[in-house]
Every structure is written in structure tokens, then in C-alpha cells.
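J.: Would you be able to build a 3D model of this:
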Amino acid sequence: MLERYFVKPDTLDRLRASWIGEPIEQYVTWLHEHGYAARNVFRRVPLLWQFGEFARAQGATQWEELPRYVESFSQVWVQQHGQRCPTEQARRHVGRDARNPIQQLLRLILPDYTGLGRTRCPEPFAHRGPSVWTYLRQERGLRETTITLYLHSLRRLETYLTRIDLQGLRALSPAVLSAFVTESSQELGKTSMLVLCAPPSKPHGPIALPASRVRSPGTRCASFWRSWTVAPRWANATMPSCYCWSPMACAPARLRR
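T.: A predicted model of the protein is given here:
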């Protein structure tokens with residue numbers, strides 16, 4: 001995979017001769033499979049190679065020892081590349097840019113490594129439909145960038161339903177969804193609302209379905225709600241005219257998958 005991005009023989013030989021050359025190539029494959037732009041590879045691979053050289057100079061001989069050098073390497077990186085940063089916040093940003101690719105690489109090669117980042121929140125609606133996310137990733141083949149949009153929008157919906165004490169999705173109604181969209185519009189900007197409510201035919205529309213697509217109880221919703229059966233009463237439901245039909249309006253009568 002490295003030869004896809006680096007054409008100079010000297011560069012390829014130097015990367016593969018590194019004692020972490022195999023993890024670096026594995027990481028580049030991971031970036032490619034997850035749709036990262038080539039510029040990310042060009043920026044991150046040299047950083048990872050420098051991290052490997054830094055760790056080896058500090059005495060590391062095994063991959064399992066690499067995590068202990070992440071923070072010290074980040075500090076050295078900030079000293080070298082953060083001199084022109086006007087604020088402390090900008091310097092911290094430089095440090096995060098150095099740590100993040102290293103932590104991603106370590107998660108690939110060390111199953112028990114968790115990194116220094118924030119604890120990940122559970123996937124929304126996982127307890128009500130645990131197979132949905134597997135379906136989206138494996139059967140629908142959605143990229144992780146698209147899944148991230150789903151997570152953001154549906155986590156917001158799940159929080160709203162919990163706050164109004166609506167436990168069962170069978171109790172979800174057009175009025176509840178209309179209130180959710182209206183409340184979200186008071187907190188989110190125009191772009192975020194487009195992400196929340198855009199139809200699936202639009203770019204980055206993770207959770208929507210135009211009203212014309214809802215025809216019968218057997219209709220299967222696009223994107224996330226493809227795993228749910230549409231209840232008849234949704235066909236004539238209305239939403240605020242300033243937004244598209246939200247996919248939550250295709251809420252399930254029952255989980256089929």
C-alpha cells in the first residue's frame with residue numbers, strides 16, 4: 001500500500017526498513033480503507049517514522065513498549081513545531097495533531113491499547129437494535145465518516161427521547177419528531193440542521209427520507225431506518241416546512257433485523 005502514495009525508491013526503502021515499518025504500512029492500509037485523503041498519508045507517515053526513531057533512540061525494542069513514549073514524543077514535537085504558536089491552546093493543538101495518528105496506529109497493532117483520548121460514548125439505540133450498526137457497516141458498506149454523522153444525529157435524538165421519558169419506539173409520533181426538529185433548530189446552525197434532516201440522496205444526509213418515499217407499511221426506509229418497518233400512520237404525517245422529512249419520522253413499529 002505504501003507504493004500507492006510514495007514513488008521514490010529511497011523513501012519506500014527507508015519506511016520499510018524502519019523497525020515499525022510493518023505497523024506503518026498497516027496503518028496506511030487502514031487510512032485508505034476508511035477513505036482518508038492522500039494528504040493525510042503524506043503528513044502522518046513521516047511523523048510516525050520519526051516517532052519510531054525517537055522511541056528506538058530512547059531504548060524501545062518491542063512494539064508493546066511504544067505507548068510509554070507517546071507523550072514525551074508529543075512534547076518534543078511541540079517544542080520543534082509549535083514555536084510560532086501565539087497561544088497555549090494553539091500549542092496544545094499541535095500536540096494533539098502529533099498524538100492522534102500515533103494512537104490510531106497503536107490501536108491497530110496493540111489490541112489492549114486505549115490511548116489518551118476521550119472515552120467513546122456507546123452507539124445510540126444499540127440496546128434497542130444492536131444489529132443495526134453491524135448492518136450499516138458490513139451489509140450497506142457505509143464509511144466511518146458517514147457512520148460518524150449517523151452517530152451524532154441519532155445520539156441527539158436518543159438524548160431527547162430520554163429527556164421526555166419516551167422509552168419505547170412504538171410510542172414515537174410525528175408530533176414528537178416535529179418537536180425534536182424544532183428544538184434542534186434553536187441550538188444548531190443551518191449546516192448542522194441540513195445534516196440532521198437532509199434526504200439520503202443529498203450528500204451527508206445521514207438520517208432522512210422524503211415524505212414521497214413513505215408509501216405503505218412495507219416500505220423500507222433508506223439509510224439508518226432501513227432496518228425498521230414503517231408504520232402506516234407516518235405516510236400522512238407533516239413536519240415543519242422549513243426542514244426535510246426526518247428519518248425519525250420513519251420510526252419503527254418493530255425491529256425486523
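
J.: Contacts for the longest helix anywhere in the chain, please.
T.: If you go by DSSP state H, the chain has its longest helix at helix 88-109. Helix 88-109 is contacted by residues 23-24, 26-27, 30, 44, 47-48, 51, 63, 66-67, 70-71, 73-75, 77-78, 81-82, 85, 113-117 when judged by Cβ atoms under 8 Å, 6 or more residues apart in numbering. (C-beta placed from N, C-alpha, C; glycine too.)

J.: Can you flag the buried ones in those residues?
T.: Listed as buried from these are 23-24, 27, 44, 47-48, 51, 63, 66-67, 70, 73-74, 77-78, 82, 113; burial here means 16 or more other Cβ atoms under 10 Å.

J.: Could you pull out the helices in this structure for me?
T.: 9-17, 21-33, 38-57, 70-81, 88-109, 131-134, 144-163, 174-187, 190-197.

J.: Show me what the last one is packed up against.
T.: Other helices and strands packing on helix 190-197, by 3 or more Cβ pairs under 8 Å, 6 or more residues apart in numbering; DSSP states H and E, are helix 144-163, helix 174-187.

J.: try 6 Å this time
T.: Contacting helix 190-197 under the criterion 3 or more Cβ pairs under 6 Å, 6 or more residues apart in numbering; DSSP states H and E is no other helix or strand.

J.: Convert it to CSV, retaining C-alpha atoms only.
T.: Taking C-alpha atoms only, helix 190-197 is exported to CSV below (Å, rounded to 0.1, in the frame of the first residue of the first chain):
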residue,chain,number,x,y,z
LYS,A,190,-28.1,25.9,9.3
THR,A,191,-25.4,23.4,8.2
SER,A,192,-26.0,21.1,11.2
MET,A,193,-29.7,21.2,10.5
LEU,A,194,-29.1,20.1,6.9
VAL,A,195,-27.0,17.2,8.2
LEU,A,196,-29.7,16.3,10.6
CYS,A,197,-32.6,16.4,8.2
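
J.: Return the set of buried residues in that helix.
T.: Met193, Leu194, Val195, Leu196, Cys197.

J.: Give me the neighbour count for Trp7.
T.: No Trp there; residue 7 is Val. 9 (other Cβ atoms under 10 Å).

J.: and the gap between it and Gln138?
T.: Shown here: Val7 relative to Gln138, a distance of 34 Å by Cβ to Cβ, to the nearest Å.

J.: Over to Glu183?
T.: Taking Cβ to Cβ, one finds Glu183 at 34 Å from Gln138.

J.: Who has more neighbours out of those two?
T.: Between Glu183 and Gln138, counted using other Cβ under 10 Å, the more crowded position is Glu183 (13 against 10).
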